[in-house]
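Asker: Just a sequence and a predicted model for now, questions to come.
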Amino acid sequence: MLRWLVAKAARSIGVLLVSTFAVFSLMFGNGPGIARAVAGLRATDEDVARLVVELGLDRPLPEQYWSWLTGVIHGDLGRSYFTGQSVSSALATRVPVTLGITAVTVALTAVIAVLLGVAAATRGGWVDRGVQFGSVLGTAVPSFIVAIALVFAFAINVRWLPATGYNSPERGIGAWLASITLPTLALLIGSVASAAQQFRAAAIETMSQDFVRTLRARGVAERAVVFRHVLRNSAGPGLTVLSLQVFGVLGGAVFIEQVFAIPGIGQLGNKCAQQGDVPMVMGAVVVTIFVVLIVNFAADLVASLLNPKARAK
Amino acid sequence: MKAIRVTAGHEAPQAKRSTAARVLTNPQAAICLAFLLGVTAFGALAGVIAPKGPNFTDLAITNAPPFTPGHLLGGDGAGRDMLARLAWGTHQSAIACAMILAVSVVVGMSSGLIAGFYRGKFEAVANFVCELFMSLPGVVLLIALYSLTGPNTAAAMGAYGLLIAPSYFRIVRGIVLGVRNELYVDAAKVVGLSDFRIVGRHVLWAVRGPVVIQSAFVLASGIGIEAGVAFLGLSDPARASWGVTLQNAFDNIYANPVAVVWPALLVSATIMAFILLGNALSDVLAASSRSVRLSPRRRREVQDAARPAPSAEPAPRAAGSSGNPPAPVDSPLALSIRGLRVGYPTDAETVREVVHGADLDIHKGEVHGLVGESGSGKTQMALAALGILPREAVLLGGSVFFDGADLLQDPKLMARARGQRIGYIPQEPMTNLDPSFTVGAQLVYGLRAARPMPKREARERVADLLRQVGIGDPKRVMGLYPHEVSGGMAQRILICGAIAPGPDILVADEPTTALDVTVQAEVLDLLRGLVRDRGLATLLVTHNLGVVADMCDTVSVMKEGLIVEKGTVDQIFNQPVHEYTLELLTSSRHVELMEAV
């Protein structure tokens, strides 16, 4: 178990390093381009050339990456090229916003999708067909179009909920919940649709196992078979499904924050990318990768704790 | 309402139609394809629909409502015709789709082929890259890429194609691994075809179905990501695309809300068409690999039609009451299966019958063997007696009489009898224990489900029984997980599970087939002892006549879903009447002779 943990952690760190280096190379690859964007339209070529050196963009990429990485390890993600604000302080206000919405969405997904998936798998018939049809519908419509539809309904027609904007939890849990309701709903629909489909498949897979038949033959009631044995044995694949939802929801949040004007990391990354504020974008990207990897790691860990065979190793 | 066909099960399958014909006659696929063709035509005819181009401005139609003369969908906030922008915008979506598909198919398939064929380092690296791509949501990468390329749809979509490539990689690699192990590629290697031609001939052929299906889903995501990126403002705002049009309309939503509807609908409907097309394709192309299930309504129809009027069949309380040959053992019936018919759906309209009205009587205190080759329907009989047929199975008729009542007519009675009165010993011990619970936990739980009792008492009873089935240290074994016990021990545990509630009848489905020869003998001894001591009526399903001779009092011989002969063990072994019984006996003697040599 310990060896498995260490190997898994090492692999995750490897993925983190390689993927951040790849993204870093993409973004910092064009030094003069970045400098021109920062210097503004009226800058002369000399100004730009001077700025390239000033920002250290003339150094080889591995060297730039190394100094960025050593900074990150010391908690310094650099400073914005435009406002001079430190990237970590900008992220400190942005990350909780996005993660809050993500956590609520995934938690609700877990509950709703498990119920729908298991109901579809065990009941069959119209429940099954309903869930499957809903899944196709929910995965087909991109989350930002769902979001636009929600704004269309709630901002234009009925005004039950704030259509745009964000209240932090410090201003009251009620205000916070009200402000994240529509964004969460927009993310939730696609997330539930795809997760329910996969939970259904996992439950059907488990129910076709021999031991389920033997449990039935032994007189165990259907309800107990489903809730005790099928759920327990589907928990491993289920966790993988949920960790994939975190991945999907973080991606979707970029769009949702744009639609609802929510000050999260997605909005920060998008705004700064269009400006050419690469240190900020890099900060937003690395946080996203980090969260995805941590969640994957945790999901794998819990799944193997739930599996007696893996636990023994 | 269409009637469901029940076939006898031996007829040839329908002649195969060509794949294209099957796709086109699938209504879902046909409708989706027609819609997508329509969208393509809409884009191709953009020059005809809107000769002035997507950016032509006429301030008179600023925020014009739909159905304004000459402007079917109205105008946007800048006085541009919505229909023109969407028609021309189709080009951007087409470019995006082409880019994504080209990059992901080429990269994913070629790397999948190489990884599957040569394995080794390349495969390890490719798997790592896949993991890498799964750490970065696509849109986040596109945001990062924007810093390098600026608004460049083709580059962004190429990068997105790269991120999607693992989905093809996995499909192709998996299929190559499968195909590689199949005989025909080996044969091709022997003949001396080059690797390239092996790939060309066999793998690409095997891979085409799944790749086509996956492509439909990739195109769906391509439409979404192109629209999304444009919506974020990461594509060239001067070029009309569905996403740019949507973004413009959204920015203007308070002045002209309806304008949002058209691009949103177009994007959603196109994605939906691709997804439904993919689903339909996988139904058509991959149908044979999936088990077919009837809808509950159809299932009820079939079963109701097959069920006799309730009074038609009196419960046979004693042997020979319904004109069957007299029972060889003169004791009351424990369990009687009458006219059992079981079928499996082959598609939504056809049910193939595999058990054609079989009768089986088990008398109190006798061990009844049910023999026949695999596929003859023996296991179906055993499972039907317990009401645990697979979900897709359709009960077409017959009864299971127990204590004078038909269990098949009364699910509640069946549920009560199952476990408590009728015990079940499965064939494959290792897969019949729940891997997530300890041996003790599942035995205790099963016992209490059949016979409610305090947990303590159940634990003691289980420990006691485990000792009786030959497990020396029951307390330790009860704390083990199934993967920690051997096959022989697992079978002993399962036998313990079956007898724990104190049933009257035991149904054992090939209880020794999956075990080593030495363990087989031990388990048979154990079973024989238990059955004798407890006077259990037993249905022993087996293909092994040696086991029958060893254990059984009476035998039924089953062939192709029918009981062809029944009698005492002596009768069957010494005076077989049916040709098939003779055949079985001869072939098993051959095996014995061969083993003796």
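Answerer: Done, it's in.
Asker: which SS class is the closest residue to chain B within chain A?
Answerer: Closest residue of chain A to chain B, Cβ to the nearest Cβ: A:G219 (2.3 Å). Glycine gets a C-beta too; all of them are placed from N, C-alpha and C. Following DSSP: H, G, I helix; E, B strand; the rest coil, the label given to A:G219 is coil.
Asker: So which residues on the stretch 1-150 of chain A come close to chain B?
Answerer: A:11, A:14-16, A:18-19, A:22-23, A:26-27, A:29-30, A:33-34, A:124-125, A:136-137, A:139-142, A:144-145, A:148-149 (Cβ under 8 Å from any Cβ of the partner chain).
Asker: Put the buried members of these into a ChimeraX selection.
Answerer: The ChimeraX command for the buried members of these (criterion: 16 or more other Cβ atoms under 10 Å in any protein chain shown) is given here:
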select /A:15,16,19,23,26,27,30,33,34,124,136,139,140,141,142,144,145,148,149
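Asker: is it true that B:V577 lies in a helix?
Answerer: No - under three-state DSSP, B:V577 sits outside any helix and is assigned coil.
Asker: who touches the residue in the stretch 1-150 of chain B that chain A sits nearest to in this structure?
Answerer: Nearest to chain A, among the residues of the stretch 1-150 of chain B, is B:P137, at 3.1 Å (Cβ to the nearest Cβ). Each residue near B:P137 by Cβ atoms under 8 Å, 6 or more residues apart in numbering or on different chains is listed here: A:F247, A:G248, A:L250, A:G251, A:V254, A:T288, A:V292.
Asker: try it again with 6 Å
Answerer: B:P137 sits next to A:L250, A:G251 when contact means Cβ atoms under 6 Å, 6 or more residues apart in numbering or on different chains.
Asker: A:L57 now?
Answerer: By Cβ under 6 Å, 6+ apart, the residues touching A:L57 are A:G31.
Asker: Okay, and it sits in which element?
Answerer: Under DSSP states H and E, no helix or strand contains A:L57.
Asker: and the gap between it and B:L141?
Answerer: Separation of A:L57 from B:L141 (Cβ to Cβ, to the nearest Å) stands at 21 Å.
Asker: try A:I262
Answerer: For A:I262 relative to B:L141 (Cβ to Cβ), the value is 21 Å.
Asker: Equivalent analysis for B:G357, please.
Answerer: With Cβ to Cβ as the criterion, B:G357 and B:L141 are 63 Å apart.
Asker: cool, B:R299 as well?
Answerer: Taking Cβ to Cβ as the measure, B:R299 falls 48 Å from B:L141.
Asker: repeat for A:W66
Answerer: In terms of Cβ to Cβ, A:W66 sits 22 Å off from B:L141.
Asker: With neighbour numbers in mind, choose between the two.
Answerer: B:L141 (23 against 13; other Cβ atoms under 10 Å in any protein chain shown).
Asker: so which helix or strand takes in that one?
Answerer: Using DSSP H and E, B:L141 falls in helix B:138-149.
Asker: Show me what that helix is packed against.
Answerer: The contact analysis (3 or more Cβ pairs under 6 Å, 6 or more residues apart in numbering or on different chains; DSSP states H and E) places helix B:138-149 against helix A:2-28, helix A:265-275, helix A:278-306, helix B:153-181.
Asker: quick one: which of those helices is nearest B:N127?
Answerer: helix B:153-181 (8.9 Å; Cβ to Cβ).
Asker: and the closest one, is it in reach of chain A?
Answerer: No - for helix B:153-181, no contact with chain A is found by Cβ under 6 Å from any Cβ of the partner chain; the gap never falls below 8.7 Å.
Asker: Buried residues, that helix. List them.
Answerer: Applying a neighbour-count criterion of 16+ other Cβ under 10 Å, one finds B:153, B:155-173, B:175-176, B:179-180 buried in helix B:153-181.
Asker: Report the closest residue of chain B relative to chain A.
Answerer: B:G419 (2.3 Å).
Asker: pretty sure that residue is touching A:R218, no?
Answerer: Yes - between B:G419 and A:R218 there is a contact at 4.4 Å, judged by Cβ atoms under 6 Å.
Asker: Output the helix holding B:L141 as PDB, nothing but the C-alphas.
Answerer: The C-alpha atoms that make up helix B:138-149 are tabulated as PDB, following Å, rounded to 0.1, in the frame of the first residue of the first chain:
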ATOM      1  CA  GLY B 138      -9.200  21.500 -22.800                       C
ATOM      2  CA  VAL B 139     -10.400  25.000 -22.500                       C
ATOM      3  CA  VAL B 140      -7.700  25.900 -20.000                       C
ATOM      4  CA  LEU B 141      -5.000  24.800 -22.500                       C
ATOM      5  CA  LEU B 142      -6.700  26.800 -25.200                       C
ATOM      6  CA  ILE B 143      -6.600  29.900 -22.900                       C
ATOM      7  CA  ALA B 144      -2.900  29.300 -22.400                       C
ATOM      8  CA  LEU B 145      -2.400  28.800 -26.200                       C
ATOM      9  CA  TYR B 146      -4.000  32.100 -26.900                       C
ATOM     10  CA  SER B 147      -1.000  33.800 -25.400                       C
ATOM     11  CA  LEU B 148       1.100  32.300 -28.100                       C
ATOM     12  CA  THR B 149      -1.000  32.400 -31.200                       C
END
